[in-house]
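*Asks:* build me a model:
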Amino acid sequence: MDMRRLVRNFKQSVQLRLTSYFLIILIPLVAISVYAGFRSQRNLEVKVNEQILVTLASAVDSFDMMMQNIDMLSMSIADDDNIIDLLKLEDTRLTERLTLNFQKVLNQLSSTSAANGNLSQLAIYHSFSNTMISSQYGSRQVEGYQKQRWYLEVLGRGGKSILLLPREGEFDSYQQLDPAFHPGSVTLLRPVDPFGVKVTHVVMITVGRARLARELGKLVSGPEERAYLLAEDGRVLAGTASLEDLPEREDDSRMMTVGKSERTGKEELVVQYRSPQSGWSIVMVKPADAIYAESDKLRMITYAIIGVSFLLTLMISWVVYRGIAAPLSSLAHGMKQLRVGKLDTSLPGKREDEFGYLMNAFNQMAQEQKHLIENIYEQQLLRLKAELRVLQSQINPHFLYNTLDTMYSMAENYGADEIGEMALNLSKFFRLSLSKGQEEFTVGETVQHLQYYLRVQQLRFVDKLAVQVNVEEACKPIPVLKLLLQPLVENAILHGLEKKAKGGEVRIDIRLEGDMLRMEVADNGKGLDPERLEYIRSELGKLSIHAVKGLLQEQKPRTELYGLWNVKARLKLYYGDRAELEIDSRENEGTSVILWIPIGGAADESDDRGG
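*Replies:* Got it, this is the predicted structure:
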């Protein structure tokens with residue numbers, strides 16, 4: 001409904017059309033501006049992403065290089081003949097000789113650790129005596145290391161190194177006193193004497209989280225920027241800020257994503273780069289304000305231009321409307337006033353352009369039409385009214401009622417019951433037909449009126465005519481145009497049943513279907529042959545509101561199909577083009593005529609105008 005109203009307003013309003021046309025011209029410019037702003041922002045994001053990826057790739061390479069150096073250092077220690085020789089004693093207790101050997105190993109580990117500032121600890125686990133020799137705290141005995149997963153995994157790798165990345169709660173608090181088992185540290189493990197016959201001892205080189213965080217700190221340049229180092233499995237190894245501030249991201253993403261920070265509510269840019277060698281990743285988080293500052297300024301200027309363009313469009317359309325469309329609206333209003341009979345309508349003729357000429361011509365036409373109506377049309381109308389009064393005086397309905405009532409009384413006096421009943425029903429039929437000038441009956445009154453007519457016909461045909469009437473209760477109070485069914489019933493009796501020897505039947509069925517009232521009159525008479533039925537349908541199909549009005553203006557009397565034509569013409573004139581008459585017939589079986597009437601009454605003025 002709203003769309004139909006909008007279309008109707010568009011058709012009727014010149015101002016709306018002018019504004020729409022200006023806006024249509026403006027739409028491509030707006031679209032290009034918005035698209036250009038979007039593309040510039042996307043290009044900026046791509047360039048920033050590329051720059052950050054280059055920086056992150058360099059940082060990841062630095063971490064990979066650091067771990068490679070540590071791996072080479074672990075190999076040099078694990079393959080050191082001096083260390084292998086010092087650890088070959090298989091004593092399970094700390095004997096004097098074994099303690100002396102441990103001290104020599106510790107001295108070598110301490111000097112090596114001091115030469116490598118990236119290390120937080122360099123240690124060797126001696127499996128025979130369950131002793132941990134550490135450059136950080138010396139040596140101490142431990143229990144249960146030989147049964148732990150990391151130890152068994154080192155021995156099962158055939159001399160290759162592995163990385164130990166302790167998880168939260170993976171090792172107990174006593175074991176976490178050793179930096180190698182503290183969450184957040186990274187420890188490289190390699191068996192001592194990896195190519196020997198019996199491999200039992202393990203070299204452990206540990207890098208702490210603080211050391212990794214210092215390396216990450218070189219990437220950030222402001223208090224709002226953050227960087228995080230992630231292991232291959234996605235665990236956070238280190239970060240320049242709280243690990244809880246790490247935003248959600250796609251682990252395999254190499255492109256920049258934009259999202260709001262849960263902590264600050266501001267938009268942030270998140271870029272992640274993964275090392276193809278180690279699988280480690282660095283996630284860089286930057287505030288979007290600094291990057292989008294210029295593009296946001298350009299976007300605001302673009303939006304301001306679009307807003308000003310819309311305002312100018314509305315102003316220009318209004319100026320054009322006032323200069324061109326307003327006179328047309330005034331002229332259309334004057335014509336509408338003239339149409340409804342206001343013959344004194346006059347338009348201001350102060351303009352000197354083409355519109356002024358049209359308004360002056362309209363005023364002259366209105367005056368001439370007023371003169372014609374007053375001098376010709378009104379005279380004819382008075383004459384017709386006078387003739388109508390004469391006819392009405394000649395055909396006085398009271399005279400007709402009284403005459404039929406007199407016939408009924410006389411028939412009763414002489415015992416002619418059938419003639420009396422026929423006169424009584426005919427009196428009631430005419431009384432309802434005239435109905436004091438009313439145009440509509442309810443469905444219930446229509447059926448009652450029709451039954452008077454049917455009773456007269458039954459008395460006429462004696463027992464040759466049977467009538468069946470079916471009316472839904474919901475239909476009875478609905479008002480319909482009077483005398484719609486009577487011509488159809490008359491056709492059914494005269495053309496369908498009159499020559500039938502016996503068994504003639506007329507069926508009347510009235511019911512609701514959706515928002516339409518369905519009224520059917522059917523008979524079991526001789527019916528129509530297909531050629532005649534097609535002709536009747538073709539003739540009735542030509543009737544619409546405009547066709548009926550044209551035929552009425554020609555004032556040509558119709559002699560063929562008068563009953564059906566009259567019923568359909570009245571339907572169209574009163575209810576509009578939604579109302580319909582359908583006819584169906586089978587030869588020697590009968591004929592059915594169905595009327596479809598919209599619920600809600602007569603057609604409005606827009607229907608009369610064809611609108």
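
*Asks:* nearest spatial neighbour of residue 493, skipping sequence neighbours?
*Replies:* Spatially, and ignoring its direct neighbours in sequence, residue 493 is nearest to residue 457 (5.5 Å; Cβ to Cβ, 6 or more residues apart in numbering). (C-beta placed from N, C-alpha, C; glycine too.)

*Asks:* tell me, how many residues neighbour that neighbour?
*Replies:* 22 (other Cβ atoms under 10 Å).

*Asks:* pretty sure it is touching residue 494, no?
*Replies:* No. In this structure, residue 457 is not within contact of residue 494 by Cβ atoms under 8 Å, at 9.3 Å.

*Asks:* joint contacts of the two?
*Replies:* Shared contacts of residue 457 and residue 494 (Cβ atoms under 8 Å, 6 or more residues apart in numbering): none.

*Asks:* name the element residue 591 belongs to?
*Replies:* For residue 591, the enclosing helix or strand under DSSP states H and E is strand 590-598.

*Asks:* pull that strand out as PDB, backbone CA atoms only.
*Replies:* Taking Å, rounded to 0.1, in the frame of the first residue of the first chain, the C-alpha atoms of strand 590-598 are listed here in PDB:
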ATOM      1  CA  GLY A 590     -28.100 -26.000 -18.200                       C
ATOM      2  CA  THR A 591     -26.600 -22.500 -17.700                       C
ATOM      3  CA  SER A 592     -24.900 -20.800 -14.800                       C
ATOM      4  CA  VAL A 593     -24.300 -17.100 -14.300                       C
ATOM      5  CA  ILE A 594     -22.100 -15.900 -11.400                       C
ATOM      6  CA  LEU A 595     -21.800 -12.300 -10.100                       C
ATOM      7  CA  TRP A 596     -18.700 -11.300  -8.300                       C
ATOM      8  CA  ILE A 597     -19.200  -8.100  -6.100                       C
ATOM      9  CA  PRO A 598     -16.500  -6.500  -4.000                       C
END
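
*Asks:* now for that strand, which elements pack on it?
*Replies:* Contacts defined by 3 or more Cβ pairs under 8 Å, 6 or more residues apart in numbering; DSSP states H and E place strand 590-598 against helix 485-491, strand 516-523, helix 562-575, strand 580-586.

*Asks:* go through these and name the closest to residue 128.
*Replies:* strand 516-523 (103.0 Å; Cβ to Cβ).

*Asks:* what residues sit buried inside the helix or strand following the closest one?
*Replies:* Note on strand 516-523: by DSSP H and E, the next helix or strand toward the C-terminus is helix 530-541. Neighbour counts over helix 530-541 (16 or more other Cβ atoms under 10 Å) mark 533, 536, 540 as buried.

*Asks:* now those in CSV, with pLDDT?
*Replies:* Compiled in CSV, the buried residues of helix 530-541 are given as follows (pLDDT from 0 to 100):
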residue, pLDDT
533, 89
536, 89
540, 86
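
*Asks:* and the residues you listed, which is closest to residue 70?
*Replies:* Closest approach between the buried residues of helix 530-541 and residue 70, by Cβ to Cβ: residue 540, at 100.6 Å.

*Asks:* quick check: the closest residue to the closest one other than its chain neighbours vs residue 200, distance?
*Replies:* Of all residues not flanking residue 540 in the chain, residue 568 sits nearest, at 5.6 Å (Cβ to Cβ, 6+ apart). Distance, residue 568 to residue 200, by Cβ to Cβ, to the nearest Å: 111 Å.

*Asks:* between these two, which one's more packed in?
*Replies:* A count of neighbours by other Cβ under 10 Å puts residue 568 above the other of residue 568 and residue 200, at 26 against 17.

*Asks:* returning to that earlier point: so the strand holding residue 591 versus helix 530-541, what angle?
*Replies:* Between strand 590-598 and helix 530-541, the angle comes out at 20 degrees (axes from the mean of the first three to the mean of the last three Cα atoms, to 10 degrees).

*Asks:* pLDDT of strand 590-598, averaged?
*Replies:* Across strand 590-598, the average pLDDT comes to 92.

*Asks:* now it, how far from the chain's geometric center?
*Replies:* 41 Å (Cα atoms, centre = their mean, to the nearest Å).

*Asks:* how about stretch 459-476, which residues are buried there?
*Replies:* Buried residues in stretch 459-476, counting neighbours by 16+ other Cβ under 10 Å, are found at 459, 464, 465, 467, 471, 475.

*Asks:* measure it end to end?
*Replies:* Stretch 459-476 has an end-to-end distance of 27 Å (Cα to Cα, to the nearest Å).

*Asks:* now, among the buried residues of helix 530-541, which is nearest to residue 273?
*Replies:* Nearest member of the buried residues of helix 530-541 to residue 273, counting by Cβ to Cβ, is residue 540, at 81.4 Å.

*Asks:* the stretch 51-200 of the chain: helices as residue ranges?
*Replies:* 81-86, 96-115, 149-155 (DSSP state H, counting those that start in this stretch).

*Asks:* next, format those helices as TSV and append mean neighbour count and mean pLDDT.
*Replies:* Output for the helices of the stretch 51-200 of the chain, formatted as TSV (neighbours: other Cβ atoms under 10 Å; pLDDT from 0 to 100):
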stretch	mean neighbour count	mean pLDDT
helix 81-86	15	87
helix 96-115	15	87
helix 149-155	15	88
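
*Asks:* quick check: mean pLDDT of stretch 53-60?
*Replies:* Per-residue pLDDT over stretch 53-60 has a mean of 83.

*Asks:* report the beta-bridge partners for residue 203.
*Replies:* With DSSP bridges applied, residue 203 shows beta-bridge pairing to residue 124, residue 190.
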